[in-house]
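K.L.:
just the structure for this:
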Amino acid sequence: MLTGPDPDEPGVGHLARLYVHPTSWGQGARTRLCAAALGDLTARGFPEATLWVLEENHRAHRWYERLGWVQTANRTTTYAPAGIDDVQYRLHLT
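P.N.:
Residues are numbered from 1 along each chain as shown. Below is the predicted model:
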């Protein structure tokens, strides 16, 4: 997991590479990692945070949305030959 300024919006925090091995799913690791990341971004004074999720990762979409993240209109192509795109989410931290 990485946190820091959003590469496109330096005044906004960014959460990247939050991965949990499937054998650890359902044990709270994802929630603890996300809480730590948001705590770090908040402590660094970021008013908002962004992240990117694979468009077809519906499980992640549902989870982030339950936490209050809102999908934006921003999208980026991750791997064009296979038609794989990421969509952006945003969360107000303050």
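
K.L.:
use CA for all of it now, contacts and neighbours both
P.N.:
Noted.

K.L.:
and residue 61, that's in a strand?
P.N.:
No: Residue 61: not assigned to a strand; according to DSSP: H, G, I helix; E, B strand; the rest coil it is helix.

K.L.:
so that it lines up with my notes, have the first residue be 271 from now on.
P.N.:
Sounds good: first residue 271 from here, last item residue 331.

K.L.:
how near is it to residue 284?
P.N.:
16 Å (Cα to Cα, to the nearest Å).

K.L.:
who's more crowded, the two?
P.N.:
A count of neighbours by other Cα atoms under 10 Å puts residue 284 above the other of residue 331 and residue 284, at 26 against 18.

K.L.:
just the local confidence number for that one, please.
P.N.:
On the pLDDT scale, residue 284 is placed at 98.

K.L.:
neighbours of residue 337, how many?
P.N.:
11.

K.L.:
please apply the same query to residue 281.
P.N.:
15.

K.L.:
for the residue of the chain most remote from its centre, which three-state class applies?
P.N.:
In the chain, the residue that sits farthest from the middle, by Cα atoms, centre = their mean, is residue 351; the gap is 24.0 Å. Secondary structure, three-state DSSP: residue 351 is helix.
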